[in-house]
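Novice: sequence first, predicted coordinates after that:
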Amino acid sequence: MSYHLIDGRKVAEEVTTALEPRLAALRESGTNPGLAVVVVGDDPASHVYVRMKGRACERLGMASRSHALPSTTPEEELLGLIDALNEDPEVHGILCQLPLPSHIDERKVIDRIALEKDVDAFHPYNVGRMLIGDPLFLPATPAGIQHLLVTSGVELKGRHVVVLGRSNIVGKPIAAMLMQKGPGGDATVTVAHSRTRDLQGITSQADVLIAAVGIPLFVKRDMVKEGAVVIDVGTNRVDDPGTEKGYKLVGDVDFDDVKGKVSAISPSPGGVGPMTIAMLMANTVLAAEMAIGR
Ligand code: GUN
């Protein structure tokens, strides 16, 4: 079977280009959207993501500010920084890169972000708005997945979507979004996870399989239905002594193993990752539009 490669880099570029007229209109009225990215500690992957988010802002001419704090930063200090960013009129979006060091209560920090600047849509208020189908912001990775599916012409209405993984960042929100009424939704969604029985029996019933488990090359050929659409959300570092960095990035899906069986596949890297960044830019533009009452 030949498959369609869902190219996240290309779709992300289209999303970003579509922001340009909105940015021009904002600038005409004297506002340049600004994103503040906070990262605590020295997790190398987090720093890579933060750099990518900053570069995406730069490319669009948006203001970006990165606050890199040491891993020993007290919780109170981080909350103080969030308070200052909440008050800063030049900052329209605030993102605190997760995970945070274990001495910091992640929930407390997310709860402190002003609702209208919560471009990650991680605040319980924004999670709730998304769940009831009346979102202020949609979380970037799930929004990117949904956009990839819709723009690739994948029918969702009445189809069986299996989500592998139940994280607050991907699994839970993408399940909620694809089951909503209306365009981009109307799917029948199953969420499977590490405690699911007969995982293979469930995944092989999926018309659309979304893998977000964080286990390198977890999804194999026998877990996929003939003709299914597969979206790989995973970005896992695995040792590779043959490379300059000593590691390479692989997804949750064993691409070479499944590619002969699927009708379409979004690979990782090169799929959902760039979409996450594009959707974050879109949320920051939206936050700036809301700030000036558009
Ligand atoms: N860690 C992994 N993904 C994300 C994300 O989308 N946003 C933030 N803030 N942290 C993350």
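Specialist: Thanks, I have the structure now. Just so it is clear, the structure is predicted and the values come from calculations on it, not from any experiment.
Novice: just the element for the residue in the stretch 151-294 of the chain that the ligand sits nearest to, please.
Specialist: Going by C-beta to the nearest ligand atom, the ligand is nearest to Ile169 of the stretch 151-294 of the chain, at 5.1 Å. C-beta here means a position set from N, CA and C on the backbone, and glycine is covered the same way. Using DSSP states H and E, Ile169 maps to neither a helix nor a strand.
Novice: could you count how many residues lie near it?
Specialist: 19 (other C-beta atoms under 10 Å).
Novice: residue boundaries of the strands in this protein?
Specialist: 4-5, 34-40, 63-69, 93-96, 160-164, 188-192, 208-211, 229-232, 236-239, 247-250, 264-266 (DSSP state E).
Novice: need the residues that contact the last one.
Specialist: Here strand 264-266 makes contact (C-beta atoms under 8 Å, 6 or more residues apart in numbering) with 3-6, 8, 148, 152, 154, 229-232, 253, 255, 258-259, 272.
Novice: those helices in the chain, which residues are they?
Specialist: Counting by DSSP state H, the chain has helices at residues 8-18, 20-28, 44-59, 75-87, 106-112, 124-131, 140-151, 171-178, 199-203, 255-258, 272-291.
Novice: thought Val262 was touching Val224?
Specialist: Yes. At 6.2 Å, Val262 counts as touching Val224 under the criterion of C-beta atoms under 8 Å.
Novice: so for the two, which sits in the more crowded spot?
Specialist: Per other C-beta under 10 Å, whichever of Val262 and Val224 has more neighbours is Val224, with 26 against 22.
Novice: wouldn't the more buried one be in contact with Val230 here?
Specialist: Yes. Contact status for Val224 versus Val230: in contact at 6.4 Å, counting by C-beta under 8 Å.
Novice: identify the contacts common to the two.
Specialist: With C-beta under 8 Å, 6+ apart as the test, Val224 and Val230 both reach Leu209, Val258, Val262.
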